[in-house]
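K.L.:
Sequence and predicted model, in that order:
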Amino acid sequence: MTEAAGDRGDLVRVNFDFRRELAEKIEGDLASFCYQCGACVGDCPAATYSDEFNPREIMLKVLYGLGEELLVKDSILWQCTNCYNCHERCPQEVKPVEVIISLKNMLADRGIYPDPVAKIIKTFEETGRTTPLNAAVDRQRKRFGLPPMSPVPMDEIRKLIEPQDSAREAAKE
Amino acid sequence: MKRFAFFPGCLIPARHPAMEFAIRHTLPRLGIEIVDLEGASCCPDPIYFKSKDKLSWLSVAARNLTLAEDLGLDIFTNCSGCTATLSETYHLLQDEALRARVNERLKRIGRQYRGTSRIRHIATLVRNEAGYDAVRESVTRPLEGLRVAIHYGCHLLKPSRIMQVDDPNNPSVLENLVTALGATPVRHRNWYLCCGKACQTDDIPANMMHDLLSTVNDERADILCMICPTCFGQFDHGQMKVAKRFGEDFHTAPIYYFQLLAFAQGVPYDKLGFERQRFKPECLLRFETAAAGSSPSESRTE
């Protein structure tokens, strides 16, 4: 809270910087259309099984720009099961799950991931697959008459996932 | 034979080669020719890598789709996660501005996404391109009396506007595929629940799976049938955690649909990799002895 809120501790000031940053993510701006009907909550398995997780409340925090409450280590966002029921139910096509994933992109920009998530991302960035390959995998495959898995052309994958235009610069040479 | 590009993803070829074997065995018997895709990567997964950077995720997914575009074929997946990523990519890249951004990235590797290959999940591929009758006709040992609980999982059906697979509130594709094997599909009360794999806490998925397995158990189902390797992992390995935590051993064997189909088409039980499962579908063995007793020489001609 800024000083302008003074003794009115309940006053919410919308943090537009946070909302602008979120809007730059793909489908991150969709929360703007949320009218807080709660259709996303009824079929949400995480909300059913957790007292803490509530997609409508997450959308409300986004609307208020209360990003600092969501962009923390062990964020509530990681309780989302990615089941897409909220996407299915939302009458406003807010796609709450996509807003949540865009918020996770913001967490990633700040380098805050749960360890299991970081590990899988690292495996993908190093091998182009989320499941590491080894001799045991090929042995199992052979048992079923399947050929070894072919390597992924990592030079291509690395160029694709570089965030900025450094790849384009390199291509000019 | 109708030809389709096969996108096997990561989990099935690396962790569950028996599932891939079953797919390669069953599809040609339904008139579908599998064309392998050279140079495919992870789809990438719609949970982890997508949560890092959606634009990179879309770009890698679009690259995978261009491999099928090069062949002039539609693409089919055997994992609901791959289906989610590739279908969502196809959907999102109908937006011209976003397609331009992704193609800017693809230019780095001399590729261009055109949007000419559609994405099919293997279950709907069979429904639409072969039909339930072809499945029924391919069965050499009908699984009569087998009670098969159905787990749809999430990403086969939803978001329905993107997946365009079935009615997400009352789907029928898996029930019909199970019926075609001569078995009895069972819809349990928690059929709509998620497997919980993506959730990064312990309590939510454990409680959810406990409730789901309880209702499967209430229906006296013999096995729990699914079409996603991630769900499968949850219900196999994950079921042990549930048993430990709640002191309740449901002993519900999960099974990937195409292994069940391969078995019904006559592949011997011990060729289908079931010994690697923690909960084994031993209830199938009774069909093996029955078939051996009746018509051992019966085989299908191609």
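P.N.:
Nice, thanks for sending it over.

K.L.:
C-alpha only now, for contacts and for neighbours.
P.N.:
Noted.

K.L.:
Quick check: residues of the stretch 1-150 of chain B near chain A?
P.N.:
With C-alpha under 8 Å from any C-alpha of the partner chain as the criterion, the stretch 1-150 of chain B meets chain A at residues B:10-11, B:13-15, B:17-18, B:21, B:39-42, B:44-45, B:47-57, B:59-60, B:105-106, B:108-109.

K.L.:
And the strands in chain B?
P.N.:
B:2-7, B:32-36, B:75-77, B:119-121, B:147-151, B:184-186, B:223-226, B:253-256 (DSSP state E).

K.L.:
Could you list every helix and strand in contact with the first one?
P.N.:
The contact analysis (3 or more C-alpha pairs under 8 Å, 6 or more residues apart in numbering or on different chains; DSSP states H and E) places strand B:2-7 against strand B:32-36, strand B:75-77.

K.L.:
Please identify which of those is closest to residue B:101.
P.N.:
strand B:75-77 (23.0 Å; C-alpha to C-alpha).

K.L.:
Show me what the closest one is packed up against.
P.N.:
strand B:2-7, strand B:119-121, helix B:122-125.

K.L.:
one more time with 6 Å, if that's ok
P.N.:
If you count contacts as 3 or more C-alpha pairs under 6 Å, 6 or more residues apart in numbering or on different chains; DSSP states H and E, strand B:75-77 packs onto strand B:2-7, strand B:119-121.

K.L.:
State the mean pLDDT of the first one.
P.N.:
This points to strand B:2-7. Averaging pLDDT along strand B:2-7 gives 98.

K.L.:
what residues does it touch?
P.N.:
With C-alpha atoms under 6 Å, 6 or more residues apart in numbering or on different chains as the test, strand B:2-7 has contacts from B:32, B:33, B:34, B:35, B:36, B:73, B:74, B:75, B:76, B:77.

K.L.:
try 8 Å this time
P.N.:
B:31-37, B:40, B:68, B:71, B:73-78, B:129 (C-alpha atoms under 8 Å, 6 or more residues apart in numbering or on different chains).

K.L.:
what about the spatially closest residue to residue B:154 that is not a sequence neighbour, how many neighbours?
P.N.:
Leaving aside its chain neighbours, residue B:154 sits nearest to residue A:83 (5.2 Å; criterion: C-alpha to C-alpha, 6 or more residues apart in numbering or on different chains). Neighbour count of residue A:83, defined by other C-alpha atoms under 10 Å in any protein chain shown: 26.

K.L.:
Then residue A:150?
P.N.:
11.

K.L.:
Residue B:167 now?
P.N.:
For residue B:167, using other C-alpha under 10 Å, the count is 12.

K.L.:
right, and it touches residue B:160 too?
P.N.:
Yes - the criterion here is C-alpha atoms under 8 Å, and residue B:167 meets it with residue B:160 at 7.3 Å.

K.L.:
On the pLDDT front, check the residue lying closest to residue B:67 once chain neighbours are set aside for me.
P.N.:
Nearest non-adjacent residue to residue B:67, counting by C-alpha to C-alpha, 6+ apart: residue B:37, 6.8 Å away. For residue B:37, the model assigns a pLDDT of 95.

K.L.:
Isn't residue B:37 up against residue B:68?
P.N.:
Yes - counting by C-alpha under 8 Å, residue B:37 touches residue B:68, with 7.0 Å between them.

K.L.:
So which of these two has more stuff around it?
P.N.:
Legend: neighbour count by other C-alpha under 10 Å for residue B:37 and residue B:68, higher for residue B:68 (26 against 19).

K.L.:
Now do the contacts for that one.
P.N.:
With C-alpha under 8 Å, 6+ apart, residue B:68 has these contacts: B:5, B:37, B:74, B:75, B:117.

K.L.:
try 6 Å
P.N.:
Per C-alpha under 6 Å, 6+ apart, neighbours of residue B:68: none.

K.L.:
And for residue B:140?
P.N.:
Residue B:140 neighbours (C-alpha under 6 Å, 6+ apart): B:265, B:266.
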